[in-house]
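[1] pasted the sequence and its predicted model underneath.
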Amino acid sequence: MAGDVDAIFERLKRLAAEAGLPDVEESTSDGNPALKVGGKSFVAVKNAETIVISISLDDKDHLLEMAPDVYFQTDHYVGWPHLPVRAAVIGDEELRLRLIGAWLFRAPKKLAAGFRDQARS
């Protein structure tokens, strides 16, 4: 099981690097492997099946409606800007997009603006 968590974390690190997300720090969140920006976790590996991303509540509701096979919610996450994701179901392209969104949601405003400007050019 620890191997699965490690493999998922390696996948997250690879996708964050491919997305060109700056200032990503490897860390932990509630004892779980996590990626942070500006000291704030934007994605964590909860267990061998679940990734938890940071997300606005509006976007969270949209994804839950759009793809309930990929995104789900437990009582613990209701009303909080975090969304559990089934790691085995989500593809790399969609996960990369979710990582970018989570990073932008948690990154300091100036850093996020610089990333957006660079992405446009």
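    Thanks, I have the structure now.

[2] could you use CA atoms for every contact and neighbour count after this?
    Fine.

[3] next one: residue 2, what pLDDT does it get?
    pLDDT, residue 2: 65.

[4] repeat for residue 63
    In this prediction residue 63 is given a pLDDT of 96.

[5] please apply the same query to residue 79.
    Reported pLDDT at residue 79 in the predicted model: 95.

[6] quick one: strands adjacent to the helix or strand containing residue 33?
    Here residue 33 sits within strand 32-37, counting by DSSP states H and E. Strand pairing for strand 32-37, determined by DSSP bridges: strand 24-29 (antiparallel), strand 40-45 (antiparallel).

[7] point to the helix or strand of this protein where mean pLDDT is at its lowest.
    Least confident element among the helices and strands of the chain, by mean pLDDT, DSSP states H and E: helix 109-120 (a mean of 90).

[8] what about it, distance to the chain center?
    18 Å (Cα atoms, centre = their mean, to the nearest Å).

[9] now that helix - C-alpha only, CSV.
    Only the C-alpha atoms of helix 109-120 are listed here, as CSV (Å, rounded to 0.1, in the frame of the first residue of the first chain):
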residue,chain,number,x,y,z
LYS,A,109,-1.5,36.2,-6.0
LYS,A,110,1.7,37.7,-7.5
LEU,A,111,3.2,34.2,-8.2
ALA,A,112,-0.2,33.1,-9.8
ALA,A,113,-0.3,36.2,-11.9
GLY,A,114,3.2,35.6,-13.2
PHE,A,115,2.3,32.0,-14.1
ARG,A,116,-0.8,33.1,-15.9
ASP,A,117,1.2,35.8,-17.8
GLN,A,118,3.8,33.2,-18.8
ALA,A,119,1.2,30.7,-19.9
ARG,A,120,-0.4,33.4,-22.2
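
[10] buried stuff in it?
    If you call a residue buried by 16 or more other Cα atoms under 10 Å, then helix 109-120 has these buried ones: 111, 112, 115.

[11] just stretch 48-59 next, same as before
    Judged by neighbour count (16+ other Cα under 10 Å), stretch 48-59 contains these buried residues: 48, 49, 50, 51, 52, 53, 54, 55, 56.
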